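Undergrad: Turn this into a structure:
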Amino acid sequence: MRLALFTDTYLPQTNGVARTLHRLTGYLNRRGIEHLLFTPKSAPEEGYADPVRTVASIPFFLYPECRLALPSMSSIHNELKAFHPDLLHMATPFNLGLCGLRYARKQNLPHVASYHTHFDRYLEYYRMRRIVPLYWKYMKWFHRTCDAILAPSQETVDYLQNQGFNRLRTWSRGVDCSLYTPDKRSSTVRERYCVSAPLLLLYVGRIAPEKDITTLLLAMRQLPESIAAAVHLLVVGDGPLLPELQEQAPDNVTFAGSKYGEELAELYASADMFVFPSATETFGNVVLEAMASGLPVIAADAGGSRDLIVPGVTGTVFAAHQPGTLVQEICAAVLHPGLRAAMGAEGRKQALCRSWEQIFDGLIRNYENVIESRRSKGHAEIPGIFSA
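TA: Below you'll find the model as predicted:
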């Protein structure tokens, strides 16, 4: 199998798509599966290892740290002709994804697309709701010839199906349980951030409108005095809303900035609860990382988090955008330490069943199925919804 991957986001960017694709290329290298990955250049050339191919790019106006590719179509097509891919995978539906799609259609090659982001929900946060119908029109055009559309959660599969998409398959996400583990709990974290409250709440993610951190901060302000004195919130991440939210935050909230690798794993393990207000997730990688770290999770009852949280078993959910219901769940968790411990233990247990190797093995089976279907049926559509 020879694969060509196209993405408009990759390392050193730190979003879920970039991190997942970086793990995928490592897996493909270990399996000896030949592949090329085309991505916008956002770091010095020596920062990329073969088989990554970078193209010129400019900052994207909504996300300056993200890049808008300016690809040379002829150069990419010449490289693809020399490579002879068996399947093309478009991880994003923008400039580089369009390059891959155009080549796949022109050469009549098997091609799949993965759906990672609910951009229609993002547009509402950026006051661009009027273009949502155009967004869906474009997305349906982009995906209409794909042999499969890979979605990370059942919630996303259902959502796309309701929008009229078909040939949907589930490509879930994994977690590194050796990196994210309760064993990395450290008392130095509280000293580092001057936390004296008995319970440390944690949020990890981008500090941006679509993550709805405003709801979380409102809830922290509305906590009863006795509960507020018992908890401290550590916000880990960076983004355009950071300066504004720092000014709005109550005294029991600390912003730690972006953290990675072992330092991030230590922060997870050293917290007591994970709080995640975002209603725009297609999966929720940070929720799974928190579960692997032994934390009970309180998350918005929306998006991909629903696939991970079993209420009362691995965590609890609250009505999205409703700080009052989040206050209730925080209070209940604070007052029931035994339940917190049980949910954290069960979350760790479930995370242990979600290794990246298992997830990528399923993806390869999907690739193989698509390629074989093309060989045996030509360009006939693949009916139904499948799970990896």
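
Undergrad: just checking, what packs against the lengthiest helix in the chain?
TA: Assignment by DSSP state H gives helix 356-377 as the longest helix of the chain. Using 3 or more C-beta pairs under 8 Å, 6 or more residues apart in numbering; DSSP states H and E, the elements in contact with helix 356-377 are helix 16-31, strand 87-90, strand 111-114, strand 148-151. Any C-beta I mention is one placed from the backbone N, CA and C, and that applies to glycine too.

Undergrad: Dump the ones you listed into TSV; add distance to residue 240 and mean neighbour count as well.
TA: Output for those, formatted as TSV (distance: least, C-beta to C-beta, whole Å; neighbours: other C-beta atoms under 10 Å):
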stretch	distance to residue 240	mean neighbour count
helix 16-31	18	18
strand 87-90	27	26
strand 111-114	26	25
strand 148-151	27	26
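
Undergrad: And those: which comes nearest residue 75?
TA: Residue 75 sits nearest to strand 87-90 of all the helices and strands packed on helix 356-377, at 16.2 Å, using C-beta to C-beta.

Undergrad: Partner strands of that closest one, with direction?
TA: strand 2-6 (parallel), strand 111-114 (parallel) (DSSP bridges).

Undergrad: and residue 241, which of these is closest to it?
TA: strand 111-114 (27.4 Å).

Undergrad: Downstream of that closest one, the next helix or strand is which one?
TA: Under the assignment DSSP states H and E, the closest C-terminal helix or strand after strand 111-114 is helix 119-125.

Undergrad: okay, and for the stretch 101-250 of the chain, where does confidence drop off?
TA: Nowhere does the stretch 101-250 of the chain drop to pLDDT under 70.

Undergrad: which stretches of it form helices?
TA: 119-125, 132-143, 154-162, 188-192, 213-222, 225-228, 242-248 (DSSP state H, counting those that start in this stretch).

Undergrad: most neighbours per residue, which of these?
TA: Each of the helices of the stretch 101-250 of the chain was scored by mean neighbour count; the highest is helix 213-222, a mean of 21, by mean count of other C-beta atoms under 10 Å.

Undergrad: what distance separates it from the centre of its chain?
TA: Remark: helix 213-222 is offset 23 Å from the chain centroid, using C-alpha atoms, centre = their mean, to the nearest Å.

Undergrad: Check stretch 131-150 too.
TA: Mean-position distance between stretch 131-150 and its chain equals 20 Å (C-alpha atoms, centre = their mean).

Undergrad: neighbouring contacts of that stretch?
TA: With contact meaning C-beta atoms under 8 Å, 6 or more residues apart in numbering, stretch 131-150 is reached by 90, 93, 97-98, 101, 104-105, 110-115, 119-120, 123-124, 160, 163-165, 167-171, 363, 366, 370, 373-374, 381-382, 386.

Undergrad: From those, list the buried ones, please.
TA: Buried members of these, counted by 16 or more other C-beta atoms under 10 Å: 90, 93, 97-98, 101, 104, 110-115, 119-120, 123, 160, 165, 167-171, 363, 366, 370, 373-374, 382, 386.

Undergrad: Sketch out the low-pLDDT regions of the stretch 251-388 of the chain for me.
TA: Using pLDDT under 70, the flagged stretches of the stretch 251-388 of the chain are 378-388.

Undergrad: which residue ranges form the strands in the stretch 151-300 of the chain?
TA: 168-170, 199-204, 231-236, 253-257, 273-276, 297-300 (DSSP state E, counting those that start in this stretch).

Undergrad: Which strand or helix spans the residue lying closest to residue 10 once chain neighbours are set aside?
TA: Leaving out its chain neighbours, the residue that sits closest to residue 10 by C-beta to C-beta, 6 or more residues apart in numbering is residue 39, at 3.9 Å. Using DSSP H and E, residue 39 falls within strand 34-40.

Undergrad: Give me the average confidence score over the following helix or strand past that strand.
TA: Next helix or strand after strand 34-40 toward the C-terminus (DSSP H and E): strand 52-55. The average of the pLDDT scores along strand 52-55 is 84.

Undergrad: Just give me how far strand 52-55 sits from the chain centre.
TA: On C-alpha atoms, centre = their mean, the centre of strand 52-55 falls 22 Å from that of its chain.

Undergrad: Give me the neighbour count for the nearest residue to residue 15 once chain neighbours are set aside.
TA: Nearest non-adjacent residue to residue 15, counting by C-beta to C-beta, 6+ apart: residue 9, 6.0 Å away. If you count neighbours by other C-beta atoms under 10 Å, residue 9 ends up with 27.

Undergrad: same question, residue 262
TA: Using other C-beta under 10 Å, residue 262 has 10 neighbouring residues.

Undergrad: Can you tell me how far it is from residue 377?
TA: Distance, residue 262 to residue 377, by C-beta to C-beta, to the nearest Å: 48 Å.

Undergrad: next one: residue 308
TA: As judged by C-beta to C-beta, residue 308 and residue 377 stand 35 Å apart.

Undergrad: ok, now residue 291?
TA: From residue 291 to residue 377 the distance is 40 Å (C-beta to C-beta).

Undergrad: which of the two has more neighbours?
TA: Counted by other C-beta under 10 Å, residue 291 and residue 377 do not tie: residue 291 has more neighbours, with 31 against 10.

Undergrad: How about the contacts made by the more buried one?
TA: Residue 291 sits next to 175, 297, 308, 314-315, 347-348, 350-351 when contact means C-beta under 8 Å, 6+ apart.

Undergrad: Which ones among these map onto helices?
TA: 308, 347-348, 350-351.

Undergrad: For these, which two are the farthest from each other?
TA: Across the ones in helices among the contacts of residue 291 (C-beta to C-beta), the longest gap, 12.6 Å, separates 308 and 348.

Undergrad: More neighbours: these two, which one.
TA: Between residue 308 and residue 348, residue 308 has the larger neighbour count (other C-beta under 10 Å), namely 25 against 20.

Undergrad: Contact partners for the more buried one?
TA: So residue 308 contacts 284, 287-288, 291, 297, 314, 350 (C-beta under 8 Å, 6+ apart).

Undergrad: swap the cut-off to 6 Å and go again
TA: Residue 308 makes contacts with 284, 287-288, as judged by C-beta atoms under 6 Å, 6 or more residues apart in numbering.
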